[in-house]
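Visitor: any chance you can model this:
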Amino acid sequence: MTRPSWTGCGRTSEGCGTDTNEAAEHFVRVWARAWAEHDVDALLGLYAEDCVHRSMPFREPHRGRAELAAYLRWSFASEQVSDVRFSAPVVGQHGLAVAEFRVLAEEDGEPSTLAGCVFVRFDGNGLAVETRDYWHTEPGHHEPTGTLFLN
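Guide: Below is the predicted model:
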C-alpha cells in the first residue's frame, strides 16, 4: 500500500500558512462546540472545498463540502447532544493529527454514547483535506475506560 504524496505542513509553519498543531487544536475546539450545537456551517468552515471525509472505514467517502454537509445534517437529525469532549490532538508529520472524542446524546429518545477517534490531514491553510473516523456507539451514557487521551 502506498501512501499519498503530500508536501503540506508538518509540525512547524516552515513554508506553510498554518502550523499543524494550531490547526489541530482549532479543529477539535470547533468540533466540540459545533457538534454540541449541531452547527453544520461552523464545521464546514474547518474543511477544504474538495475535502474527503470517511465517516466509517468501509462506507463510501463524502467528497466535498456539499456531501459532508448532507451527511452531517443526516447524522444530527435524530440526535440531542448533552455533552461532547475531544482529547488534545496528537500531531504527527505531514499535516496529520488524531484526536479521540466522546459524545453523550439521546438518539430517538434513548440515551447513547458515541466514542471514537478522528484522523485528519491538513493543508497549508489549516483546512482539513481528508478525515477518517472510527467510532462505536453504546446504549446508555458511559465514559471510556482508561486514561489515554480524554482528560
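
Visitor: okay, which residue is most central for the chain?
Guide: Val118 (4.7 Å; Cα atoms, centre = their mean).

Visitor: contacts for the longest helix seen in the chain, please.
Guide: Determined from DSSP state H, the single longest helix within the chain is helix 20-37. Identification of contacts with helix 20-37 by Cβ atoms under 8 Å, 6 or more residues apart in numbering yields 9-11, 39-40, 42-43, 45-46, 81, 83-89, 91, 95-97, 99, 101, 103, 118, 120, 122, 126-128. C-beta here means a position set from N, CA and C on the backbone, and glycine is covered the same way.

Visitor: from the chain's centroid, how far away is it?
Guide: Distance of helix 20-37 from the chain centroid (Cα atoms, centre = their mean, to the nearest Å) equals 8 Å.

Visitor: could I get the buried residue list for it?
Guide: 20-21, 23-25, 27-28, 30-32, 34-36 (16 or more other Cβ atoms under 10 Å).

Visitor: before we move on, the earlier item: quick one: contacts for the residue nearest to the centre of the chain?
Guide: 31, 98-99, 101, 131-133.

Visitor: just to be sure, it is in a helix?
Guide: No - counting by DSSP: H, G, I helix; E, B strand; the rest coil, Val118 falls outside a helix, being strand.

Visitor: let me know the pLDDT of it.
Guide: Per-residue pLDDT puts Val118 at 96.

Visitor: just the helices from the chain, written as ranges.
Guide: So, for the chain - with DSSP H - the helices run 20-37, 40-44, 64-76.

Visitor: wait, Glu106 touches Glu79, no?
Guide: Yes - using Cβ atoms under 8 Å, Glu106 is in contact with Glu79, at 7.3 Å.

Visitor: now list whatever residues contact both of those two.
Guide: The contact sets of Glu106 and Glu79 do not overlap (Cβ under 8 Å, 6+ apart).

Visitor: would you reformat the buried residues of helix 20-37 as TSV and include pLDDT?
Guide: Below are these laid out as TSV (pLDDT from 0 to 100):
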residue	pLDDT
Thr20	93
Asn21	94
Ala23	96
Ala24	97
Glu25	96
Phe27	98
Val28	97
Val30	98
Trp31	97
Ala32	96
Ala34	97
Trp35	96
Ala36	96
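
Visitor: of all those residues, which two lie farthest apart?
Guide: Longest distance between any two of these is 24.8 Å, between Thr20 and Ala36; criterion Cβ to Cβ.
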